[in-house]
Structures are given as C-alpha cells and as structure tokens.
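1. Next one to model:
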Amino acid sequence: MQIYNNKAWAKALFMMSRADTARKLAPLITGVFLYSLLVAFAELDVLKIQPDSWVKNVPTLHTLLGFAISILLVFRTNTAYDRWWEGRKLWGALVNNSRNLALKIRAMVPDTDTQLFFARAIPLYADSLQAHLQLEQTRLALDDQAHPEWDAIDTEKHIPNQIAGVMIRKVTELYKNGAITGDQLIVLNGELSSFTDICGACERIKNTPIPQSYSAFIKKFIFLYISTLPMGYVFTLGYFVAPVVAIVFYVLGSLELVAEEIEDPFGNDDNDLPMTKIASNIRKHVGEILPGQ
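-> So this is what the prediction gives:
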C-alpha cells in the first residue's frame, strides 16, 4: 500500500505515481482521443453531416444514460470499498488478538520455553496468512531446534490452519500437564479460535469476487457511452470533442479501475492492504510482550 499525505494537493495534482489511474489508462485515453478525432473528421469534413440531421439527437441518449451509469459506478465503487474496509478490519482484529494472546500467555504461563514458542508462533501465523492470501510459498524461517512441533508443518497444505493447530495442541498439552487450569484453557482456546475465524473471513473475501457478468456489463456500458459520445457533441464542440471525450473516459475509467484494485484487498497493488507492515508490527509488539524475539 502506498503511504501518502492527503493534504498535499500540489503533489496529487501534478505528480504521477504508480497508483495513478492516468498512468494506467494512458494507452486507452490516447485511443479514445484519436477515435474522437476520427469521428469528428468523418462527420465534419468527409460526410459533412448537417447539424440539423438526426445525429444531433444522440446527446439525448447520453442524458438518459448518464444517471444510470453514475448510479452503477457509485454502487460498484462502494461495493469494492466495503470489501477493502472489511479486510482492513479483519487484519486489525488479527493485531488485537495477537497482542491479547501474547499478554495472556505471559500472565498465565511463566515457563520461558513456552513463552518462546508463542513468541515465534503468533507472528508466524500473520506471515503465513499473508502468504496464503497472496498465494505465495510460506517460508518457516525459525532456525529453532527446541520446538520439534514445526517439523510437522506441510508447506503444500493450508499453512495457517496447521500453525493454528500446532498452537492449540501446545495449549492442550499445557492443560494436560497441569501448567494451566481449565478456565485458562477456555480463555486461550477462545483467542486461538479467533485466528481461524479471521482467516476464514479473509478467504471469503478473496475467493468470492464481484460477479464477472456485473463487472463486464459496466465495462461494456462505459465503452458504449464513450464510443457514441463524440457522434452528437461534435456539432457543438467541433474538434474540441476529442479532449472532452478523453476527459470523460478518464473519469469513468478511473472509477472502474480503482474498484478493480480494491475489491481484492489482499494483493500487491498500490491500493491494497499493507499486510507486510501489519505483520511486521505484530512481530514487533509480540516480541515486546514475550521473550525470545
């Protein structure tokens, strides 16, 4: 995710960043500009269509469809942002649950070896969840021979579930050995279960994209709207219709492009969630609570 100053108007207006939609839409904007020039040339100089012909009524179509396309784009953007914000809330909950689990382990289990185990395991869950959501191979860089539980992790299977399972087995073992009471077991199991709940909710967002037919319809709608725009307005704008249509396309296309990026908040785009930073903060804060980091 790109960090920026939302009060820097000059930078936002005049500087191009990787996340800027103008950069990504530049080839299409150029194509729309040239297409509009071609339409203007054909109507004004080749066909020499008169301003009182039926073509002058084409702007009426855009007046009727303008409200519909605006409603569709607003709904599209809001739907995508809801997915992005839900993902951010889930990772915020992961941060809080990681801290709570570390605090409770520190208070309930004085054993240094156990605290060391959870000091490694809790941040590892965040790292593995990020890699899982981005479909990357998780690397278990523990360099720790004191906890053989990690030898059972199969990197070809669902790694977050396996790490959560290892932590649950560790807590159950503490209960069987009398290191914690039954009430403490219930408390710790509740914290551990929340990890899997967060993972499942993130997978729901990741694996349930916006319906393809809906997204394709909006793109076709924008294409139809833009492709017919210069046909009628050429009589009032002349060749200036080309930059006007290009600007209209930039606005409509940018809204759709932003929605495409944020509807999957777990990717590597500039507008996606800063999961690497969040996972790093979890490692830092858990290390401050538990020894061994």
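
2. What count of nearby residues applies to residue 282?
-> A total of 24 residues lie near residue 282 under the criterion other CB atoms under 10 Å. Backbone N, C-alpha and C define where each C-beta goes, glycine included.

3. Show me where the stretch 101-250 of the chain dips below the pLDDT cut-off.
-> 136-152, 155 (pLDDT under 70).

4. Mind giving me the packing neighbours of the helix of greatest length in the chain?
-> If each helix of the chain is counted by residues according to DSSP state H, the longest one is helix 58-108. On a contact count with 3 or more CB pairs under 8 Å, 6 or more residues apart in numbering; DSSP states H and E, helix 58-108 meets helix 112-133, helix 182-207, helix 212-237, helix 241-262, helix 275-289.

5. out of those, which comes closest to residue 63?
-> Each of the helices and strands packed on helix 58-108 was scored for nearness to residue 63 using CB to CB, and the closest is helix 212-237 (10.2 Å).

6. what packs against the closest one?
-> Counting contacts by 3+ CB pairs under 8 Å, 6+ apart, helix 212-237 is packed against helix 21-41, helix 58-108, helix 241-262.

7. for the second one, the distance to its chain's centre please.
-> Between the mean C-alpha point of helix 58-108 and the mean C-alpha point of its chain there is a distance of 8 Å (CA atoms, centre = their mean, to the nearest Å).

8. again with the shortest one
-> For helix 21-41, the distance from its own C-alpha centre to the chain's C-alpha centre is 28 Å (CA atoms, centre = their mean).

9. how about that helix: buried residues?
-> Counting neighbours by 16 or more other CB atoms under 10 Å, one finds that the buried residues in helix 21-41 are 21, 25, 29, 32-33, 35-37, 39-40.

10. Of those, just say which sits nearest to residue 92.
-> Out of these, the one with the shortest distance to residue 92 is residue 21. That distance is 27.1 Å, counting by CB to CB.
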